[in-house]
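Peer 1: sequence and predicted model, in that order:
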Amino acid sequence: MKLLKAVFLIIAVFIAVDVHAQSSAELKRRRDKLSEELEQLNKDYQETANNKKTTLKQLSILKAQINLREEKINVINSEVRNLDNQISESNNTVHSLQSQLDQLKKEYAAMVLFAYRNQSAYNKLMFLFASKDFNQAYKRLKYLQQFGTYRERQAGYIQGTQKELHVKITELDKTKQEKSTLLQDQEKEKATLGKEKNNQVKVVSDLSEHQGQLKQQQREVLAKIAKTNREIAATIRREIEEAKRKADAEAKEAARIAAAKAKAENRPAPVVAAKPVVRSESSNLNATPEAAKLSNDFLGNRGRLPWPVANGAVTQGFGMYTSPEGIKINNPGIDIRTNPGSAVRAVFDGTVVGVVDVSGTYLVMIRHGEYFTAYANLRSVSVAKGQKVTTKQILGVVATDPSTGETEAHFEVYKVSDAVNPKTWLAPN
């Protein structure tokens, strides 16, 4: 029974370690990717800094660096927590294996002592001849044979447990060393983050010398954001109203057909409600079986949707933030820094419900049942309103800001008319 418990314990530990290994591997992959992105941003920043002239592009790059650096520190924190869990589990396993080993050695010592005291052939013969009958003698003979086999098996268990204990202690030392390395890396990242924030303050201070130009550019950016938000809201509102109109028309047509059928069959006409049925916006958007299925499929792929660009890093996340210039801005989506000329792709099947020119760049909106996705800051588009699109179909090409040199795609997700955080819908990058 004790041996069986030990086996189950070892199996459980292996399963737990495998789960942690998968999680740790994913975190390490993310940390390495963030390091690559930060290295590229650092190269871009050095190129602008070598121009001996502070630009808005420097400020934009610094903002992206700070966001990625903070994300990398969070990833390292998660890795450290994982390692702490592994260390705790390994310590428990080592203690359990040590207890098992001590118990096995104690039992084996007792068997050796018993065997020593009864090692003479005379004692064994007396043990057999003292049997009441032949059956008991046979059983005693088998017992003596099995006792020897059991001793050999117990010796094997001891050797196996000692080996397993050695492996776990080695793994524990390796995990502790890995944690120490990560903590050192974390301190370096925090120090670099502090320098980047100081550089950001300096760049903003330098730009204040050109305050008029900066404010004008900022006003243009804010105006573009506001116009984009208005266009998105208007498009969603039109789709909701159109869906309601179609649902009402279908309900009236169904009532008319029912009344005609009742008249043809000499039955009383169905009673029509005095007031029209009030449906929610979600119900109107999901009024058809096709729309309802598309909504369910879109929801079912939450956390697995492809990114709207093949390569990129988030420079500004979802929600309220304060810009380096001290302006509070609510971002209903995410901004993704990518390579110049990158294609923008649909993240799911749907229908294009809007293609709008917003101050020189394009906004594309796609409906997925009761969900909407918006793709902004496109320099060109390759789809038209009313067109059905499929997952990863190219919608257009992202624009590059001439004043900053930055190439950023803006992406938003809506459930009916409520903006939701796109990062929770996209697959891990």
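Peer 2: Structure's in. What do you need?
Peer 1: tell me where the stretch 151-300 of the chain has helices.
Peer 2: Using DSSP state H, counting those that start in this stretch, the helices of the stretch 151-300 of the chain run over 211-264, 281-285, 289-300.
Peer 1: in the last one, what's buried?
Peer 2: Judged by neighbour count using 16 or more other CB atoms under 10 Å, the buried positions of helix 289-300 are 291, 294, 295, 298. Every residue, glycine included, has its C-beta placed from N, CA and C.
Peer 1: count the neighbours of residue 355 for me.
Peer 2: 19 (other CB atoms under 10 Å).
Peer 1: right, I mislabeled it, should have said residue 386
Peer 2: 9.
Peer 1: cool, and the one 10 residues further on?
Peer 2: Applying the criterion other CB under 10 Å, we find 21 residues in the vicinity of residue 396.
Peer 1: which element is it on?
Peer 2: For residue 396, the element it lies in under DSSP states H and E is strand 394-398.
Peer 1: partner strands of that strand, with direction?
Peer 2: When pairing is defined by DSSP bridges, strand 394-398 lines up against strand 343-345 (antiparallel), strand 371-381 (antiparallel).
Peer 1: in a markdown table, list these along with mean pLDDT.
Peer 2: Conversion of those to a markdown table gives the following (pLDDT from 0 to 100):
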| stretch | mean pLDDT |
| --- | --- |
| strand 343-345 | 96 |
| strand 371-381 | 95 |
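Peer 1: make TSV from these and add mean neighbour count to it.
Peer 2: As requested, these are arranged in TSV below (neighbours: other CB atoms under 10 Å):
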stretch	mean neighbour count
strand 343-345	23
strand 371-381	22
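Peer 1: looking at those strands, which is nearest to residue 315?
Peer 2: strand 371-381 (12.0 Å; CB to CB).
Peer 1: contacts for whichever helix or strand comes after the closest one, please.
Peer 2: Next along the chain after strand 371-381, taking DSSP H and E as the criterion, comes strand 388-389. For strand 388-389, the surrounding residues in contact (CB atoms under 8 Å, 6 or more residues apart in numbering) are 346, 349, 350, 351, 352, 366, 383, 395.
Peer 1: strand 388-389 pairs with which strands, and in what direction?
Peer 2: strand 350-358 (antiparallel).
Peer 1: what's the neighbour count on residue 336?
Peer 2: 26.
Peer 1: just the helices of the stretch 151-300 of the chain: most buried one?
Peer 2: Compared across the helices of the stretch 151-300 of the chain, helix 281-285 shows the largest average neighbour count, a mean of 20 (mean count of other CB atoms under 10 Å).
Peer 1: summarise which helices and strands that one is packed against.
Peer 2: Identification of packing neighbours for helix 281-285 by 3 or more CB pairs under 8 Å, 6 or more residues apart in numbering; DSSP states H and E yields helix 211-264.
Peer 1: just checking, what packs against the helix it packs on?
Peer 2: Packed against helix 211-264 by the contact rule (3+ CB pairs under 8 Å, 6+ apart) you find helix 281-285, strand 350-358, strand 361-368, strand 371-381, strand 408-415.
Peer 1: surely residue 321 is in a helix?
Peer 2: No. Residue 321 is assigned strand when assessed by DSSP: H, G, I helix; E, B strand; the rest coil, not a helix.
Peer 1: lovely, talk soon.
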